[in-house]
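> show me the folded form of this:
(one chain, ligands or ions: 1)
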Amino acid sequence: MKKYLEKLYKKDKKTYFKLLENDLKHKHKRFIVTVNPETLMNSQSDEELKEILNCNYISLVPDGIAIVKAARKLGIKVEERITGIDTAEHLLKVANEKKYSLYLFGAKKEVINKLIEVIKEKYTNIKILGYSDGYVKNYDKIMESVIKLKPDICMVALGIPLQEKIIYKYFDKFKKGIFIGVGGSFDVLSGSKKRAPKIFIKLNLEWLYRIIKEPKRINRFINNNIKFMFKIKK
Ligand code: UDP
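Residues are numbered from 1 along each chain as shown. Predicted coordinates:
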């Protein structure tokens with residue numbers, strides 16, 4: 001697990017976002033994996049996910065506070081959290097400023113439809129090349145259509161590890177583009193769910209807010225975060 005923590009992006013969010021802007025400007029390709037305890041715990045038993053995390057071109061960012069703290073505990077200096085949702089929001093902002101193109105894949109039908117409305121209203125310069133909800137029978141068919149569209153940015157919101165696997169499978173078919181798995185971000189960006197209030201985020205308690213709002217997350221939390229913390233301690 002330590003080797004994955006060592007691969008994390010270590011500087012601050014602002015500097016990382018500059019990197020992404022540079023990628024977009026020069027049509028470089030990037031595959032971003034936002035790492036939280038669930039990602040690393042899953043990788044213990046999931047060979048494909050392990051292969052993805054081991055891949056040398058992958059861009060790992062510390063999504064959860066537990067990841068930042070674990071890294072620091074092991075002597076790896078990670079500046080701050082870089083969350084999927086902040087990254088997604090920044091990419092939308094830049095895409096709007098520079099008229100980049102976008103493909104969105106994931107979440108429930110009503111959520112993705114709402115998000116498209118939000119983007120059309122708030123980010124009027126973004127070229128939306130296409131979108132699909134995440135409850136389709138054939139993921140491959142969607143990704144094959146994305147290859148033809150050649151988006152500058154492709155966000156996939158199918159949850160861990162499906163979103164990472166689907167991007168990984170097709171990444172080498174693209175010549176350019178930023179690809180990122182964004183988990184539940186479409187739910188928040190569309191306004192279907194609320195992100196934690198700023199005070200929760202500031203106090204590093206965003207995870208607690210998500211459990212309060214969705215108590216069924218508690219099992220996921222125990223299975224991933226609690227076990228992860230014990231593992232790091234050991
Ligand atoms: N999802 C999907 N297809 C699936 C399973 C999940 O599109 O087959 C979506 C789900 O609707 C949600 C996202 O994937 O929008 C996962 O959100 P979750 O909150 O579980 O992710 P987290 O942010 O906790 O990683």
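> name the SS class of whatever residue of the chain ends up closest to the ligand, please.
With Cβ to the nearest ligand atom as the measure, Gly134 is the residue of the chain nearest to the ligand, at 2.0 Å. All C-beta atoms are positioned from the backbone trio N, CA, C, and that covers glycine. Secondary structure for Gly134, judged by DSSP: H, G, I helix; E, B strand; the rest coil, is coil.
> tell me the contacts of Lys93?
Applying Cβ atoms under 8 Å, 6 or more residues apart in numbering, we find Lys93 in contact with Tyr123.
> give me that answer again for 10 Å
Counting by Cβ atoms under 10 Å, 6 or more residues apart in numbering, Lys93 touches Phe17, Lys122, Tyr123, Ile126.
> the third one against Leu102, yeah?
Read it as Tyr123. Yes: using Cβ atoms under 10 Å, Tyr123 is in contact with Leu102, at 8.7 Å.
> okay, these two: which has more neighbours?
A side-by-side neighbour count of Tyr123 and Leu102, using other Cβ atoms under 10 Å, places Leu102 first with 25 against 16.
> confidence score at Lys234?
Listed pLDDT for Lys234 reads 88.
> quick one: name the residues of this protein near the ligand.
Residues of the chain lying close to the ligand by Cβ under 6 Å from any ligand atom are 106-108, 134-135, 157-160, 183-184, 186-187.
> rerun at 8 Å
Counting by Cβ under 8 Å from any ligand atom, the residues of the chain lying close to the ligand are 36, 38, 84, 106-108, 111, 133-135, 157-160, 162-163, 182-187, 210, 217, 220.
> who wins on neighbours among the contacts of Lys93?
Using other Cβ under 10 Å as the neighbour test, those are led by Ile126, with 23 neighbours.
> OK, contacts around it?
By Cβ under 10 Å, 6+ apart, the contact set of Ile126 is 91-102, 119-120, 152-153.
> residue contacts, the residue positioned nearest the centre of the chain?
The chain has Val182 as the residue nearest its centroid, 3.1 Å off, counting by Cα atoms, centre = their mean. If a contact means Cβ under 10 Å, 6+ apart, then Val182 has 32, 34, 63, 83-85, 87-89, 91, 104-107, 155-159, 163, 188-189 as its contacts.
> could you redo the last one with a cut-off of 6 Å?
Residues in contact with Val182 (Cβ atoms under 6 Å, 6 or more residues apart in numbering) are Gly84, Ala88, Met155, Ala157.
> residues contacting the third one?
Spelled out, it's Met155. Ala88, Leu104, Ile180, Val182.
> one more time with 10 Å
Counting by Cβ under 10 Å, 6+ apart, Met155 touches 32, 84, 87-88, 91-92, 102-106, 115, 131, 163, 167, 178-182, 185-186, 189.
> now, those residues that are in strands?
Secondary structure from DSSP state E places Ile32, Leu102, Tyr103, Leu104, Phe105, Gly106, Tyr131, Ile178, Phe179, Ile180, Gly181 of the contacts of Met155 in strands.
> check which helix or strand covers Gly191.
In the assignment (DSSP states H and E), Gly191 maps to no helix and no strand.
> let me know the pLDDT of it.
97.
> how near is it to Leu115?
Note on Gly191: its distance to Leu115, by Cβ to Cβ, to the nearest Å, is 8 Å.
> please identify which of these two sits among more neighbours.
Taking neighbours as other Cβ under 10 Å, Gly191 and Leu115 compare with Leu115 leading, 25 against 12.
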